[in-house]
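J.: coords please:
(one chain, ligands or ions: 1)
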Amino acid sequence: MGRIYNFYPGPAALPLSVLQKAQEALFDFRGMGAGVMEISHRSAEFESVLLSAQQRLKRLLGLDPSTHILFIQGGARLQFAMVPMNFLQTAAAYIETGNWSEGAIKEARRVGETRVIGSSADRQYAYIPSFDKSQLRGDEDYLHITTNNTIYGAQWHSIPDTGKIPLVADMSSDIASRPHDYNRYDLIYAGAQKNLGPAGVTVVLVKDSFAQKANRSDKLSPMLRYQTYIDKNSLYNTPPVWSIFMLDLVLEWLEDEGGLAEIGARNQKKAEMLYRFCDERPDFYKGCIDRPDRSLMNITLRLPTEDLEKKLVAEAKQAGFLGLKGHKLSGGIRISNYNAIPVEAAEKLAGFLDEFARKNA
Ligand SMILES: *Cc1c(COP(=O)(O)O)cnc(C)c1O
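T.: Numbering: from 1, shown residues only. Purely as a prediction, here's the structure:
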């Protein structure tokens, strides 16, 4: 079977064992004689899949029992809009750390007063701005951060202390990648296609105390109200059954692999192998991100010339490494090191990068 090392940033690699299980369920789900995509979302069989995915998320992330676990379509980008539509009444604070947080800020501005209280735009998002709760005025409905900057490669390694102001995070590219205090956030959203499964479902984790404050006005379409998804357990309209099924399989795989402690240690180890070049060959592989803020998930590098970057991407593809071209906004090289990337893939790629530098430096 021709599977290669896949470092695409999203949609991204899925564990082979998950794909193999999915293949069986495509034709015959649990002996029903029909595939998982062909059965009613109201059947007991599908409801058990939905419940299982919720329970696994709760266990894996150690979520407070009051957390509602919702599955919504429309990607992280719909959450950029739903968060302010549901929660922005007085004002919202945002910290801008890249293109995705910019997108979230734009949507908030459509709804109401949006205060950008920190930004790393001055240095092409190469760091995480420092935060102190004195930057908040105290009347904000929430502070929004993007925990991992998928495009430029900076990641929050601490959780901002916002005092009484609710904390909201876009965790699309680093959810479930490390042990983390997920209960410090009032709302977390994450498109599945980086670390949790295929595109088509967005996981939303919202604490009940925060959900109580959400907009329930009839003027807002029920499809855009968190309360609808809470009341109907994400079954108000037909949910993306296949994506939720795949999410459950990926979460099962994560549990079998040893949970977040094990996967976090592995991600750390892989990232160290891949950042080594910024430290050992700084004239050839230039790290883009300030060292303390380097992302464990998306490793960005610049080479001395753009021609060398193109050459690297082309030769890597020949050698069996897919998806290393940087985002069009940032250029350069990006290695996406999500949970499903095996240690062996990172080791092999590190070997390739070493050799490429020796030949071309
Ligand atoms: C990929 C990504 C998005 C966009 O997600 P869609 O599902 O395409 O809307 C938003 N935020 C972050 C941090 C991402 O990595």
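
J.: contacts and neighbour counts: CA atoms only from here.
T.: Will do.

J.: Restricting to C-alpha, output stretch 142-162 in CSV.
T.: The C-alpha trace of stretch 142-162 is given here as CSV (Å, rounded to 0.1, in the frame of the first residue of the first chain):
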residue,chain,number,x,y,z
TYR,A,142,-14.8,37.4,27.1
LEU,A,143,-11.2,37.3,26.0
HIS,A,144,-10.5,35.3,22.8
ILE,A,145,-7.1,33.7,22.0
THR,A,146,-5.9,31.3,19.3
THR,A,147,-3.8,28.8,21.2
ASN,A,148,-1.8,27.7,18.2
ASN,A,149,-0.9,29.7,15.2
THR,A,150,-1.2,27.1,12.5
ILE,A,151,0.3,29.3,9.7
TYR,A,152,3.2,31.0,11.4
GLY,A,153,4.0,28.5,14.1
ALA,A,154,3.7,30.3,17.5
GLN,A,155,1.8,28.6,20.4
TRP,A,156,0.6,29.7,23.8
HIS,A,157,2.5,27.7,26.3
SER,A,158,0.7,29.2,29.3
ILE,A,159,-2.9,30.0,29.9
PRO,A,160,-3.7,33.7,30.4
ASP,A,161,-5.1,34.5,33.8
THR,A,162,-8.2,36.6,33.0
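
J.: quick one: is that stretch near the ligand?
T.: Yes: Stretch 142-162 is in contact with the ligand by Cα under 6 Å from any ligand atom, via 146, 148, 149, 150.

J.: Equivalent analysis for stretch 286-305, please.
T.: No: shown here: stretch 286-305 not in contact with the ligand (Cα under 6 Å from any ligand atom), separated by at least 9.7 Å.

J.: Averaged pLDDT, that stretch. What do you get?
T.: The average pLDDT within stretch 286-305 is 94.

J.: For that stretch, buried residues please.
T.: 286-289, 293-303 (16 or more other Cα atoms under 10 Å).

J.: same question, stretch 126-143
T.: 126, 127, 128, 129, 136, 140, 141, 142, 143.

J.: how about low-confidence regions in the protein?
T.: 1 (pLDDT under 70).

J.: Just the CA atoms of the helix or strand hosting residue 203, as CSV, please.
T.: For residue 203, the host element (DSSP states H and E) is strand 202-207. Taking C-alpha atoms only, strand 202-207 is exported to CSV below (Å, rounded to 0.1, in the frame of the first residue of the first chain):
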residue,chain,number,x,y,z
THR,A,202,-16.2,21.3,14.9
VAL,A,203,-16.0,20.4,18.5
VAL,A,204,-17.3,23.0,20.9
LEU,A,205,-16.7,22.6,24.6
VAL,A,206,-18.6,25.2,26.7
LYS,A,207,-19.0,25.4,30.4
